[in-house]
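[1] quick one, fold the following:
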Amino acid sequence: MNIPNIRLLNQQLVNPLFHEPKELVSWMGAMQAQNYPMVKWAVGMRLKSATIQAVEKALREGEILRTHVMRPTWHLVAAEDIRWMLKLSAQRIISANDSFAKGYDLDIPDELYAKGHQLLEKILCGKKSLTKQEIAEHFNRSGILADNHRMTRFMARAEQEGIICSGEDKGSKCTYALLEERVPPMPELTKDESLARLARSYFRSHSPAVLQDFVWWSGLPVSDAKQAIYLIASELTTEQWKEQTWYIHDACRTRGKLTDDIHLLPSYDEYLLGYKDRTDVLPLEHYPKAFTNNGLFFPIILHKGQVVGNWNKSAKKKGLDLEYSCFRQEADMDEAMLHQAKQKFAQFLGK
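    Residues are numbered from 1 along each chain as shown. Predicted coordinates:
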């Protein structure tokens, strides 16, 4: 089983199927969006043709949203998926955040959360988008202490309660808006329906993968993850390999024309972060060069499906300057293909 080749196809890194950012994010289920500028490239590079303006338009119009779901971190999700995804993960994220807060003396009483939620509904009503700093000023004027740590707690809870989501950016600054005004009402799903949708999204875009990969990516308890896989069992093909059961979704492409192209993957990219075990594309000894033990993921170079190095950019007034480093001195990378990868990134940015 050629794991890298199948993942390249279904993560839309080779021969992509989609034109629109919304289609791609919906296919992927969710895309980690801790680094906001980089996740725009993560979307754009997986489309048939895209510019940063097209991705920003989808964000501005609320077709895709940035919020905390699944694991307690930022993700991009399609607008129509946000409510059922929140419902699946909200209580788990609230519990994790509350546990963290207790350890740092950042507890906020429920009645104060309720007061904060009422204020958010008041100041954002009318399809307004406000930055975290602007919201903090309203909180302070209303007598609610709102330093940076407490505002993070207030906003995180309001996200999980389905009160706010990402709004229209103000320049380079992210904003918040009311979810009810940003996303039309959608039919409610049962828990099993939601679990099935999450599993379907994951395995069609991340196959081949094992149970522990899905548990890691989704943040679900093992019992719920197993139930999710059971619910879509008729859509999955299983294969025993390396003493594990691997799942491949029926919607996956397992054959296709692959090239020796080089890909400049952004930090926190799903190709690496979407799996618990990354050794199929990255040797264990090179883990520290791609990510840290405390969860920082770096931009990486992908060649023939394998992570072979790092890259970073320094924007200039004219053009784009990229720096590269390979994990192994003998790494064989064609300079013309490296230049082609750089050009694709530059075209996305319009440079």
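[2] switch to C-alpha atoms for all contacts and neighbour counts from now on
    OK.
[3] in this structure, where is pLDDT below threshold?
    For the chain, the stretches with pLDDT under 70 are 315-319, 330-332.
[4] domains for it, by residue range?
    3-182, 191-249, 262-349 (automatic domain parsing).
[5] in JSON lines: those, plus distance to Arg255 and mean neighbour count.
    Below are the domains of the chain laid out as JSON lines (distance: least, CA to CA, whole Å; neighbours: other CA atoms under 10 Å):
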{"stretch": "domain 3-182", "distance to Arg255": "7", "mean neighbour count": "18"}
{"stretch": "domain 191-249", "distance to Arg255": "13", "mean neighbour count": "18"}
{"stretch": "domain 262-349", "distance to Arg255": "14", "mean neighbour count": "16"}
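[6] the ones you listed: which one's closest to Gly256?
    domain 3-182 (7.5 Å; CA to CA).
[7] quick one: Leu8 and Gly305 touch, right?
    Yes: counting by CA atoms under 8 Å, Leu8 does reach Gly305; the two are 6.6 Å apart.
[8] with just CA atoms, put the lengthiest helix in the chain into PDB.
    Looking across the chain with DSSP state H, the single longest helix is helix 82-103. Taking Å, rounded to 0.1, in the frame of the first residue of the first chain, the C-alpha atoms of helix 82-103 are listed here in PDB:
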ATOM      1  CA  ILE A  82     -20.200  24.600  12.000                       C
ATOM      2  CA  ARG A  83     -23.300  23.900  14.100                       C
ATOM      3  CA  TRP A  84     -23.200  20.100  14.200                       C
ATOM      4  CA  MET A  85     -19.400  20.200  14.600                       C
ATOM      5  CA  LEU A  86     -19.800  22.500  17.600                       C
ATOM      6  CA  LYS A  87     -22.400  20.300  19.100                       C
ATOM      7  CA  LEU A  88     -20.100  17.300  18.800                       C
ATOM      8  CA  SER A  89     -17.100  18.900  20.500                       C
ATOM      9  CA  ALA A  90     -18.300  21.900  22.500                       C
ATOM     10  CA  GLN A  91     -18.700  20.300  25.900                       C
ATOM     11  CA  ARG A  92     -15.400  18.500  25.600                       C
ATOM     12  CA  ILE A  93     -13.600  21.800  24.700                       C
ATOM     13  CA  ILE A  94     -15.400  23.700  27.400                       C
ATOM     14  CA  SER A  95     -14.300  21.100  30.000                       C
ATOM     15  CA  ALA A  96     -10.700  21.300  28.700                       C
ATOM     16  CA  ASN A  97     -10.600  25.100  28.800                       C
ATOM     17  CA  ASP A  98     -12.100  25.100  32.300                       C
ATOM     18  CA  SER A  99      -9.600  22.700  33.500                       C
ATOM     19  CA  PHE A 100      -6.800  24.800  32.100                       C
ATOM     20  CA  ALA A 101      -8.200  27.900  33.600                       C
ATOM     21  CA  LYS A 102      -8.400  26.500  37.100                       C
ATOM     22  CA  GLY A 103      -4.700  25.800  37.000                       C
END
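[9] who are the packing partners of it?
    Secondary-structure packing of helix 82-103 (3 or more CA pairs under 8 Å, 6 or more residues apart in numbering; DSSP states H and E): strand 64-69, helix 148-160, helix 191-206.
[10] how far away is the residue nearest to Gly256 when sequence neighbours are not counted from Glu235?
    Among residues not flanking Gly256 along the chain, Leu9 sits closest, at 7.5 Å (CA to CA, 6 or more residues apart in numbering). As judged by CA to CA, to the nearest Å, Leu9 and Glu235 stand 18 Å apart.
[11] hmm, Met24 is touching Val43, no?
    Just to correct that, residue 24 is Leu rather than Met. Yes: with contact defined as CA under 8 Å, Leu24 reaches Val43; the gap is 7.1 Å.
[12] residues making contact with stretch 114-123?
    By CA atoms under 8 Å, 6 or more residues apart in numbering, the residues outside stretch 114-123 that reach it are Ile135, His138, Phe139, Ile144, Phe154, Ala158, Ile163, Leu178.
[13] gap between the residue lying farthest from the centre of the chain and Gly116?
    Within the chain, the residue lying farthest from the chain centre (CA atoms, centre = their mean) is Gly143, at 35.2 Å. Distance of Gly143 to Gly116, computed by CA to CA: 10 Å.
[14] what of Asp280?
    46 Å.
[15] next one: Glu168
    21 Å.
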